[in-house]
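> Got a sequence here, can you model it:
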Amino acid sequence: MRKAALAVILGLVLSAPFAAWARDPEWSGLGAVAVSPDGKTIVAGGQNRVLYMIDAQTMEVKQRLWTGVRIGALAYNKDGTRIVFEDEEEETEILDAATLETVKRIGKAGFVECARLADLMAVATDVMYRKQIRFLSMTDGSQLGSVDVADKVASYGFNAEGTRFAVLTTSSEGKENKVAYKDVPKELTGLARKEFVQKNDGKTSKLIVFEAPTGKQLRETALWYCSDTGAMVFMNGETAYIINYSNENLIVPAEGDVKLFESQSSYNYAKGVSDDRKAFLVGGLATGTYTRIDGLSGLTFQIDRLRGWPEYFGGFAFQQDGTGWAVTSSCRLIQISKEGKFLKAVPVY
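Reported below is the predicted structural model:
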């Protein structure tokens with residue numbers, strides 16, 4: 001009886017975040033993390049409405065700020081003078097990094113995605129459908145441009161320089177062939193099976209690339225691939241990458257065929273990309289993967305397991321030297337070497 005009840009509860013917990021329109025913390029515990037440009041300070045936050053300032057060398061909490069709201073995303077601006085955080089009210093707040101005083105609070109600004117090296121962030125005005133997206137300064141919140149998308153938007157993200165902005169639309173019923181799941185060829189396994197299902201589920205989407213921050217549309221690619229929730233989108237040069245929860249990831253080049261690929265993790269509960277867009281981190285239950293874009297070589301790491309309820313990753317961030325950081329549902333901060341190895345874990349409270 002206990003095992004059956006546990007399975008039901010776990011299923012509800014795991015499915016709930018992906019049904020939500022707002023980007024609240026996806027799990028209990030910590031769900032957002034960022035690293036200052038000088039690599040000296042880590043900021044973390046999540047379900048308990050506290051922003052933690054942590055010394056990166058000792059991994060000790062040095063300061064706490066009660067925000068009054070759950071924290072869904074965190075980032076530093078280009079020079080490290082500002083901290084940006086998104087809350088559960090679909091507002092984005094800019095804090096002075098030295099005093100933690102509010103510099104600006106921006107309403108109707110959910111689903112923050114940043115190009116930190118360009119001091120640029122994108123926010124959705126209409127959070128439910130994300131059809132109007134504004135480009136704002138990460139330092140003062142001033143608007144620098146915008147895009148209006150005709151279709152409903154699933155996910156979006158920048159290249160490192162903040163000059164390109166990729167938008168993945170939600171799925172729509174199209175002319176694509178539709179094969180019942182029971183009729184998927186049984187001999188297909190792994191990535192081949194996932195690709196067949198994607199190409200034969202009767203649904204399509206689009207990948208639209210804009211110039212940022214002007215909002216000029218540069219190209220549109222029709223996709224047999226769909227990922228309506230929980231995806232991370234970013235660009236490396238002119239190539240777009242889509243990393244999603246179910247580990248059905250996609251490369252969309254400016255020219256040529258799109259390509260499906262997997263990371264070493266079974267599910268990508270949490271995701272994070274480096275500022276230079278040369279690496280990304282994903283993780284599920286205790287296991288994560290550090291992947292370099294060049295060659296898509298994945299390095300798998302395992303964190304030490306705790307007793308009791310399973311611990312899963314809530315968010316990832318990178319230092320400029322390639323060191324990775326993660327936060328978890330068990331309120332822990334994890335350090336990952338640039339070689340993709342688990343180094344240390346400490347509780348944050």
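
> Name the SS class of residue 195, please.
For residue 195, the assignment made with DSSP: H, G, I helix; E, B strand; the rest coil gives helix.

> Am I right that it is in contact with residue 262?
No - Residue 195 sits out of contact with residue 262 when judged by Cβ atoms under 8 Å, with a separation of 10.5 Å. All C-beta spots, glycine's among them, are computed from the backbone N, C-alpha and C.

> Quickly find the element holding the residue nearest to residue 119 when sequence neighbours are not counted.
Spatial nearest neighbour of residue 119, chain neighbours left out: residue 78 (4.0 Å); criterion: Cβ to Cβ, 6 or more residues apart in numbering. For residue 78, there is no host helix or strand (DSSP states H and E).

> just for the stretch 51-200 of the chain, where's the confidence low?
Scanning the stretch 51-200 of the chain for pLDDT under 70 picks out the ranges 127.

> and with 80 instead?
Scanning the stretch 51-200 of the chain for pLDDT under 80 picks out 126-129, 174.

> any idea where the helices of it begin and end?
Ranges of helices in the stretch 51-200 of the chain, per DSSP state H, counting those that start in this stretch, are 190-199.

> for it, what spans make up the strands?
Under the criterion DSSP state E, counting those that start in this stretch, the stretch 51-200 of the chain contains strands at 61-66, 71-76, 82-87, 92-96, 102-106, 110-115, 120-124, 132-137, 143-148, 153-158, 164-169, 172-178.

> Reformat those as TSV; add mean neighbour count and distance to residue 187.
Output for these, formatted as TSV (neighbours: other Cβ atoms under 10 Å; distance: least, Cβ to Cβ, whole Å):
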stretch	mean neighbour count	distance to residue 187
strand 61-66	14	53
strand 71-76	25	42
strand 82-87	25	45
strand 92-96	20	49
strand 102-106	15	52
strand 110-115	24	39
strand 120-124	26	42
strand 132-137	21	43
strand 143-148	16	43
strand 153-158	24	31
strand 164-169	26	30
strand 172-178	11	19
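
> Point out the one among the ones you listed that comes closest to residue 310.
For those, the distance to residue 310 is smallest for strand 71-76, at 21.5 Å, taking Cβ to Cβ.

> Run through who's touching the closest one.
The contact list for strand 71-76 (Cβ atoms under 8 Å, 6 or more residues apart in numbering) reads 22-25, 31-37, 43-46, 49, 51, 82-88, 97, 112, 114, 116, 121, 138, 315, 317.

> ok, residue 300 - contacts?
By Cβ under 8 Å, 6+ apart, the contact set of residue 300 is 264-265, 287-290, 340.

> Which ones among these map onto strands?
In this view, the contacts of residue 300 that belong to strands under DSSP state E are 287-290.

> Now for those, which sits with the most neighbours around it?
residue 288 (30 neighbours; other Cβ atoms under 10 Å).

> Show the pLDDT at that one.
Per-residue pLDDT puts residue 288 at 95.

> how many other residues sit next to the nearest residue to it once chain neighbours are set aside?
Excluding its sequence neighbours, the residue lying closest to residue 288 (Cβ to Cβ, 6+ apart) is residue 301, at 5.4 Å. Number of residues near residue 301 (other Cβ under 10 Å) recorded here: 22.

> So residue 301 is in contact with residue 290, correct?
Yes - checked against Cβ under 8 Å, the pair residue 301 and residue 290 is within contact range at 6.7 Å.

> Now do the shared contacts for the two.
In contact with both residue 301 and residue 290: 336, 340, using Cβ under 8 Å, 6+ apart.

> How much space separates residue 133 from residue 204?
Using Cβ to Cβ, to the nearest Å, we find residue 133 at a distance of 21 Å from residue 204.

> try residue 34
Distance of residue 34 to residue 204, computed by Cβ to Cβ: 35 Å.

> Also residue 65?
Using Cβ to Cβ, residue 65 is found at 44 Å from residue 204.
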